[in-house]
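Novice: Below is the sequence, then the predicted model.
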Amino acid sequence: MSIILFFATQSIPSLEARFDYMVHDIELLTEKDVGNYSDGDRFRSIYIGWRVFLNNPVLGSDLADLPQAMTTEYNEVYGQTVPVRIPHNQFIYILASMGLLGVITIFPGLFIPFFKKFLRSNPFILIHGAMFIASCMIEPTMEGTQGIMFHLLFLLLFINSVKEEMEKRKVRLLQEDNTSLVARVAEANP
């Protein structure tokens, strides 16, 4: 993947420009430039979300109070010159708003479907899981109806297809067992 990404950024001009912009934006962020840049806003929101989590690590700031807690932290760190954003990372959002208690209750529901043995056999579920995790790394995906609907639609469709396949496999195995049982009975009683 890294090799493909390297060659893609070298050979596709628009992708190269986006990559260069991202690097430039991160450099400005590390120089404490608080300009209104897309990637810098994302990283700042994640950093401030982490600070909100550290203020109340067990219970978080509460979902309803998260915007106010974010505003307070932004003003403390950057003053009132920087626009306030919610954390652009689903995991930091959960940590900041619900704390470790939220992690214990929410994270298993997000990850367990991708670790069930019978689900791992379906490559589409693994691909969907990778896309879902990637989406959660750059957006609070589960905080909007579209993110929840996208995730549940594809996850449940794939789970349903795997269940149908498992039922067909069970029927085949039962038929094979019955055939071998009949053959053993026929051998035992000539």
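Specialist: Cool, the structure landed.
Novice: tell me how far whichever helix in the chain runs longest is from the chain's mean position?
Specialist: When the chain is parsed with DSSP state H, its longest helix is helix 145-188. Centre-to-centre, helix 145-188 and its host chain are 28 Å apart (CA atoms, centre = their mean, to the nearest Å).
Novice: Quick check, central residue of this protein?
Specialist: When the chain is reduced to its mean C-alpha position, the closest residue under CA atoms, centre = their mean turns out to be Ile133, at 2.4 Å.
Novice: can you list the residues that contact the helix or strand encompassing it?
Specialist: Using DSSP states H and E, Ile133 sits in helix 123-138. Residues outside helix 123-138 that contact it (CB atoms under 8 Å, 6 or more residues apart in numbering) are 42, 88-91, 110, 113-114, 119-120, 141-142, 147, 151, 154-155, 158-159, 161-162. Every C-beta, even on glycine, is put in place using the N, C-alpha and C of the backbone.
Novice: That helix versus helix 145-188: what angle between them?
Specialist: Helix 123-138 runs at 150 degrees relative to helix 145-188, counting by axes from the mean of the first three to the mean of the last three CA atoms, to 10 degrees.
Novice: hmm, back to that, show me just the buried residues among the contacts of helix 123-138.
Specialist: 42, 88-91, 110, 113-114, 119, 141-142, 147, 151, 154-155, 158-159, 162 (16 or more other CB atoms under 10 Å).
Novice: pLDDT weak spots in the chain?
Specialist: Scanning the chain for pLDDT under 70 picks out 32-36, 118-119, 178, 181-186, 189-190.
Novice: What separation is there between the residue nearest to the centre of the chain and Ser121?
Specialist: The gap separating Ile133 from Ser121 is 19 Å, by CB to CB, to the nearest Å.
Novice: Over to Asp65?
Specialist: Relative to Ser121, Asp65 is positioned 43 Å away (CB to CB).
Novice: just Met149 next, same as before
Specialist: For Met149, the distance to Ser121 - CB to CB - is 25 Å.
Novice: and stretch 30-46, how far apart are its ends?
Specialist: End-to-end span of stretch 30-46 (CA to CA, to the nearest Å): 14 Å.
Novice: ok so, going back, show me what the longest helix of the chain packs onto, helices and strands only.
Specialist: Helices and strands touching helix 145-188, by 3 or more CB pairs under 8 Å, 6 or more residues apart in numbering; DSSP states H and E, are helix 117-120, helix 123-138.
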